[in-house]
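1. Sequence and computational prediction follow.
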Protein chains: 2
Amino acid sequence: MVSKLKSIKVPPSKEELNNRLEKVRSLMHRENLDYYISFDPVNIYYLTNFANNVHERPFILVIEKEGPPKMVVPLLEKSHVETRALCDLEFFSYYEFPAPKGENWFDQYQKLIKNNKKVGIESAMPMGIAEKTPGIKIIMDIIDEVRIIKTDYEVGRSVHACKVINKGHKEVLKMCRPGVLEFALYQKVTGLMTSKIIQDIPGANFMVCKTTAAVWPPSFSHDPHIIPKIFAEMENGGPHVSIVSAQVDGYGVEIERTFFLGEIPQEAKKPFEIMYQARDLAYNLLKPGENMGEIDKKVKKFIKNNGYGDYIIHRTGHGLGITGHEAPFLAEGYDRQLEPNMLISVEPGIYIPGLGGFRHSDTVLITEDGYIKLSKAPEKLDELIIEL
Amino acid sequence: MVSKLKSIKVPPSKEELNNRLEKVRSLMHRENLDYYISFDPVNIYYLTNFANNVHERPFILVIEKEGPPKMVVPLLEKSHVETRALCDLEFFSYYEFPAPKGENWFDQYQKLIKNNKKVGIESAMPMGIAEKTPGIKIIMDIIDEVRIIKTDYEVGRSVHACKVINKGHKEVLKMCRPGVLEFALYQKVTGLMTSKIIQDIPGANFMVCKTTAAVWPPSFSHDPHIIPKIFAEMENGGPHVSIVSAQVDGYGVEIERTFFLGEIPQEAKKPFEIMYQARDLAYNLLKPGENMGEIDKKVKKFIKNNGYGDYIIHRTGHGLGITGHEAPFLAEGYDRQLEPNMLISVEPGIYIPGLGGFRHSDTVLITEDGYIKLSKAPEKLDELIIEL
């Protein structure tokens, strides 16, 4: 199965982008929408291949039942969009933000939507854009919904992105020793991953490239979302928890490991083992048809039954794709079945103040009959006690 | 005057943050609001010193007429907020996103706002958050409004941030030669600026640190918002246009220059001169009481009268502060007077396809009687023709 997965490094074809647009239109049709409006730069990237950090000048995509999507863009950015967008687009450019009366972005925008029509908008749409949107507005995350099931092209991009983080994580384990500075790890490993991205994809769009590598040493690994200080030092023993993630020319992936330098404290053995078994439990449930909320519930129950219920502080996993964090979720209350070509993280965790954090995370593809881990690094305890 | 400006590298005091909050409250009072809700991570950083890249788990700040602001946070992030926030806050944490019924973010959030009260919300607030917000909602950018006039502390941070980009820009001019790769420039100069940030502020929060350095060589400098390819090469002659910008532990600044390598093409002399004079015209109008829209109008008129009206593609300037792009604007249609302690860019530009772009930009503080440029680099043509 693994051998079938191709690693893809080229930009999407026009056919790939048209295929995504048609999926959006089929949901528009189902919901009886006349228009769908996208403002979220992530969704616009998904449909067009144009990426941007939006400041105050709005970019808005207006999708009708047929014809190329219409894009409202600042004059200054039109050629930038033309260079990067790989689908057909019709442009409506405005001079500036702010602009004199009659020349504002909303003057262009409002002409594109007929009154009294049904207009789907994103839940991420800012109020200031929504209030200038004509028609009968309905909040409905149609593009986000389409993004949940990856195309084979997207899977290929994620396979490649995982090669980048796998290389980065290997280097983390190689160079992490007591006394090594967080900053040294960060610089070396992000530099290495960036070099690989450039070598593999010389035309990569740096608006959608990002690399991160950090290790939480045992003194604060119980606190996974604290941002390490750059002069923090790696320590003896563990649990250390690594995070290596990247957005590789638009595709976000992650890998994380719990590891020990030189030795493992006696009291860390059981929580590591329970984390490991909780993870096995989750993997055993990863196949199409399983309820995602139920998986998280079962994993939590297992951890509770083993005495660590007070040390669970997050869900079992989240989706990845053109971002590193998105729907779908392995989270209690998320009532949805797994489907082939979902891409998710699996990362049940146990966080014990005074002892540390225990979490492995991988980027995992759901297949017709189970799953494939796209990220790779040692997983077992004996491979993760690093000799000094 | 310049000698009076202190360079500040320390985090804001509690008094500074309370002072910002009281300004927000005084606008709430004027507008008769019972609550003001902030979701924008930039505004939350402004009031609390806590910065984050928000994913799907919401962080929401609820400001009442008195008492410490209330913050709805994911459980996982509570200690992260506690570590970074430097003001008093009352926490309301929720377990996860998504979550089982009754344990969602909005269950916590909705308890904090009484029905039938007047609730101010940001125009940037996503629809999905707004629809879960109780009360009578009024879109009103109060925190953004307060941010327009910098406190003396903020000015001091921007003074320091400009030292970082000034150093970076000096290196750009030093190393930029025909054949040098964009990527080499980027790596060297961003590395240099990052090192200075770390040396100056060892406790810098890397969530709000970012450095950029790029040069648009003459073959595409007419297109200022295209993203250069990483293997693009610097060329003979010019106009080359540099961009060096940084967010230094939360404070965003920029400097840009038009320069030439070895020689200046004859046809580039006039547009450089007109850009330079347009800039002088703008600077001569920079004092409290001048209308910001009118300044842009006059600058554009001057450029038009000199035959380059077709080559204007953006406004004269924008505000900077805890971001690199924000209100206020030197833009036609922006009807507001300059005031002391505004921080703006001044950057009229002329962009001629086939010849190139002409633009200098500086980060400029408005003072009681005029202005001070915080960014510094050569400005005159003869200083900007670099000998090879």
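-> Noted; the coordinates are in hand. Numbering: from 1, shown residues only, chains lettered A, B, ... in the order given.

2. Please pull out the lowest mean pLDDT helix or strand from chain A.
-> Across the helices and strands of chain A, mean confidence by mean pLDDT, DSSP states H and E is lowest for helix A:78-84: a mean of 93.

3. any residue of that helix up close to chain B?
-> Yes - residues of helix A:78-84 contacting chain B under Cβ under 8 Å from any Cβ of the partner chain: A:79-80, A:83-84. From N, CA and C alone the C-beta is placed, and that goes for glycine too.

4. And those residues, which of them are buried?
-> A:79-80, A:84 (16 or more other Cβ atoms under 10 Å in any protein chain shown).

5. Would you mind giving those as TSV with distance to residue B:220 added?
-> Written out in TSV, the entries for these read as follows (distance: Cβ to Cβ, whole Å):
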residue	distance to residue B:220
A:79	9
A:80	11
A:84	14
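
6. and which of those is nearest to residue A:312?
-> Within those, the smallest distance to residue A:312 is 42.0 Å, found for residue A:84 (Cβ to Cβ).

7. what about the closest residue to the closest one other than its chain neighbours, distance to chain B?
-> Residue nearest to residue A:84 in three dimensions, not counting chain neighbours: residue A:50, with 4.4 Å by Cβ to Cβ, 6 or more residues apart in numbering or on different chains. Note on residue A:50: its distance to chain B, by Cβ to the nearest Cβ, to the nearest Å, is 11 Å.

8. Quick one: residues contacting residue A:50.
-> By Cβ atoms under 8 Å, 6 or more residues apart in numbering or on different chains, the contact set of residue A:50 is A:44, A:80-81, A:84-85.

9. pLDDT score for it?
-> Model confidence at residue A:50, expressed as pLDDT, equals 97.

10. and what of residue A:313?
-> We have a pLDDT of 95 for residue A:313.

11. again, but for residue A:1
-> Model confidence at residue A:1 (pLDDT) stands at 45.

12. and if you look at the one 4 residues further on?
-> Here the pLDDT value assigned to residue A:5 is 92.

13. which parts of the stretch 251-388 of chain A sit against chain B?
-> Listed as neighbours of chain B in the stretch 251-388 of chain A under the rule Cβ under 8 Å from any Cβ: A:293, A:313-315, A:318, A:323, A:325-327, A:329, A:331-334.

14. ok, the most centrally placed residue in chain A to residue B:239 distance?
-> Closest residue to the average C-alpha location of chain A: residue A:324 at 1.7 Å, with Cα atoms, centre = their mean. For residue A:324, the distance to residue B:239 equals 39 Å [Cβ to Cβ, to the nearest Å].

15. same question, residue A:101
-> Where residue B:239 is concerned, residue A:101 sits at a distance of 34 Å (Cβ to Cβ).

16. More neighbours: which of those two?
-> Between residue A:101 and residue B:239, residue B:239 has the larger neighbour count (other Cβ atoms under 10 Å in any protein chain shown), namely 28 against 8.

17. which residues touch that one?
-> With contact set as Cβ under 8 Å, 6+ apart, residue B:239 has these partners: B:218, B:221, B:258-260, B:268, B:272, B:355-358.

18. Now it: closest residue in space that isn't a chain neighbour?
-> Of all residues beyond its chain neighbours, the one nearest residue B:239 is residue B:356 (4.0 Å), with distances taken as Cβ to Cβ, 6+ apart.

19. in the sheet, who's paired with the one you found?
-> Residues found in beta-bridge contact with residue B:356 (criterion: DSSP bridges) are residue B:352.

20. now the helices: where do they sit in the stretch 201-350 of chain A?
-> Ranges of helices in the stretch 201-350 of chain A, per DSSP state H, counting those that start in this stretch, are A:269-284, A:292-305.
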